[in-house]
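> Show me how the following folds:
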Amino acid sequence: MSLITATSTIKPSGKPPTSRVRLDSLTGLRWYAALLVACFHFAYEEASTGTSLHVFRLKEIVYAGPSAVSFFFILSGFVLAWSARPRDTVTGFWRRRFARIYPSHLVTFCVAVLTMVWMGKELDPRIALANLGLLQSWVPNRKDWWFGYNGVSWSLSCEFLFYLSFPFVIKLVRRFSNRGLWATVVVGNLGVALAPLYMKSIERAADLDPKFLLYVFPPTRLMEFVIGIAVALLVKNGAWRGPGLTASLALAVLVVLGPTHVMPFDFHWAADTVIPFTLTIAAAARADVRGEPSPFRDRINVYLGEVSFAFYLVHEIVIFSVDHFLKTHHLKIPLTLHLGLFLAVSLVGAVLVHEYVEKPGVKLLTRSRKKSQPAMT
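Coordinates of the predicted model:
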């Protein structure tokens, strides 16, 4: 997931430099992407244990939930490129990224362990070590490894690769002309959109689970990250040409609610949505740079976006915990109340993790160091 609020110095042609621009619309959009993932997991788990017609209707509405991870991967590349410090050191960048994600990951992993013990589930130390090392998404054909303990942390395994490669990728991509950046965006989008077709031969030859190759395998998802980097540089250069926020968002919502339901299953992980998500991220950033209206820039949306990473990390633990509590006490509650309870507990947990783990962790681990190191670019 994208974990920072982007700022940059914008220098319009013929005008004095403006103040650093906060891309609050992108921060606000993060909340809705995290909410889509959470509601998908809730509906999926409830549908697997019950037959309520309302649950299946909810599952249909949020069917494209897994594609929201693609949104986060593109957004991650975008905000890192937007906020990159020209004189930053490689190790300094890595230290800040570690400080941003790992304390929250470690704490929610420990909570997941306690939850599993409470539920009487078996703890596999090998899977635990892979999870703690953010290596679980590299293991072929093992869903128990990918989604073990706090299952959503598989995506952090991908982000870990993104962060390791970013100092070197940004150095290369910054050398591209605007035409080269456009080529990167177009080829990248086509690569992701057509991946379910051209990777079928690899899946068969190597006997790989399509979900591994297309969804959880970090090198495959690196393409979306690079798309975000190229889009950010185009927007910064004033060279982005695309629809506005309203049209881009309408297209994204239309695709999420429409084509993802009728296309083959392996398209709904990223292929269906990569183009509208790319357009929406670029349009939201451009709207903030130009000061155009945006429904995601208010204080509430921005704060929800700031806690969205923590919300993402806690929500699946809450799903299993609430379900276990209700089953243990033989309680049945209406779907609306169950969903509301799940979201409320997840949000409270997210605020606690954000305020008392994520923010203090960043402050503690990113204190300036006196040793000078080689610059990143």
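
> Mind jotting down where the helices sit in the stretch 101-250 of the chain?
Ranges of helices in the stretch 101-250 of the chain, per DSSP state H, counting those that start in this stretch, are 125-132, 143-146, 154-173, 178-198, 200-206, 210-211, 218-236, 245-257.

> Give me the buried stretch members for the third one, please.
If you call a residue buried by 16 or more other CB atoms under 10 Å, then helix 154-173 has these buried ones: 154-163, 166-167, 169-170, 173. C-beta: built from backbone N, CA, C; applies to glycine.

> with those residues in mind, which one is nearest to residue 97?
residue 163 (4.3 Å; CB to CB).

> hang on, residue 331 in a strand?
No. Going by DSSP: H, G, I helix; E, B strand; the rest coil, the assignment for residue 331 is coil, not a strand.

> Can you give me the neighbour number for it?
Neighbour count of residue 331, defined by other CB atoms under 10 Å: 9.

> show me what contacts it?
Applying CB atoms under 8 Å, 6 or more residues apart in numbering, we find residue 331 in contact with residue 325.

> Keeping just the C-alphas, turn stretch 357-371 into PDB.
Provided in PDB are the C-alpha atoms of stretch 357-371 (Å, rounded to 0.1, in the frame of the first residue of the first chain):
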ATOM      1  CA  VAL A 357       2.500   2.500  16.600                       C
ATOM      2  CA  GLU A 358       2.900   3.900  13.100                       C
ATOM      3  CA  LYS A 359       3.500   7.600  14.000                       C
ATOM      4  CA  PRO A 360       5.800   6.900  17.000                       C
ATOM      5  CA  GLY A 361       7.600   4.200  15.000                       C
ATOM      6  CA  VAL A 362       8.400   6.700  12.200                       C
ATOM      7  CA  LYS A 363       9.500   9.300  14.700                       C
ATOM      8  CA  LEU A 364      11.800   6.900  16.500                       C
ATOM      9  CA  LEU A 365      13.400   5.200  13.500                       C
ATOM     10  CA  THR A 366      13.900   8.200  11.200                       C
ATOM     11  CA  ARG A 367      15.900  10.400  13.500                       C
ATOM     12  CA  SER A 368      18.600  12.100  11.400                       C
ATOM     13  CA  ARG A 369      22.000  10.400  11.400                       C
ATOM     14  CA  LYS A 370      25.300  12.300  11.200                       C
ATOM     15  CA  LYS A 371      27.100   9.900   8.900                       C
END
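
> And the contacts of that stretch?
Counting by CB under 8 Å, 6+ apart, 92, 95, 96, 98, 99, 100, 102, 103, 104, 107, 309, 310 sit against stretch 357-371.

> could you redo the last one with a cut-off of 10 Å?
For stretch 357-371, contacts defined as CB atoms under 10 Å, 6 or more residues apart in numbering pick out 3-4, 89, 91-92, 95-108, 306-307, 309-310, 313, 350, 352-353.

> what about burial for these, which qualify?
Counted by 16+ other CB under 10 Å, those give 3-4, 89, 92, 96-105, 107-108, 306-307, 309-310, 313, 350, 353 as buried.

> which intervals of the stretch 51-200 of the chain have sub-threshold pLDDT?
51-56 (pLDDT under 70).

> which stretches of the stretch 1-150 of the chain form strands?
7-8, 21-22 (DSSP state E, counting those that start in this stretch).

> Pick out the shakiest of those, pLDDT-wise.
Within these, confidence is poorest for strand 7-8, with a mean of 46 (mean pLDDT).

> With just CA atoms, put stretch 176-196 into CSV.
What follows is stretch 176-196, C-alpha atoms only, in CSV (Å, rounded to 0.1, in the frame of the first residue of the first chain):
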residue,chain,number,x,y,z
PHE,A,176,13.4,9.3,-19.8
SER,A,177,12.0,12.1,-22.0
ASN,A,178,8.3,12.8,-21.7
ARG,A,179,7.8,10.5,-24.7
GLY,A,180,9.7,7.8,-22.9
LEU,A,181,7.6,8.2,-19.8
TRP,A,182,4.4,8.0,-21.9
ALA,A,183,5.7,4.8,-23.6
THR,A,184,6.4,3.3,-20.1
VAL,A,185,2.8,4.1,-19.0
VAL,A,186,1.2,2.7,-22.2
VAL,A,187,3.4,-0.4,-22.4
GLY,A,188,3.0,-1.0,-18.6
ASN,A,189,-0.8,-0.7,-18.8
LEU,A,190,-1.0,-3.1,-21.8
GLY,A,191,1.4,-5.5,-20.0
VAL,A,192,-0.9,-5.7,-16.9
ALA,A,193,-4.1,-5.7,-18.9
LEU,A,194,-3.0,-8.6,-21.1
ALA,A,195,-1.0,-10.5,-18.5
PRO,A,196,-3.7,-13.2,-17.9
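
> and that stretch, which residues are buried?
Result for stretch 176-196 [16+ other CB under 10 Å]: buried residues 181, 182, 184, 185, 188, 189, 191, 192, 193, 195, 196.

> go on, stretch 126-139?
127, 128, 130, 131, 132, 134, 136, 137, 138, 139.

> Next: stretch 222-237.
Using 16+ other CB under 10 Å as the test for burial, stretch 222-237 gives 222-236.

> and what of stretch 281-296?
Neighbour count says stretch 281-296 has 281, 282, 283, 284, 285, 286, 287, 288, 289, 294, 296 buried, by 16+ other CB under 10 Å.
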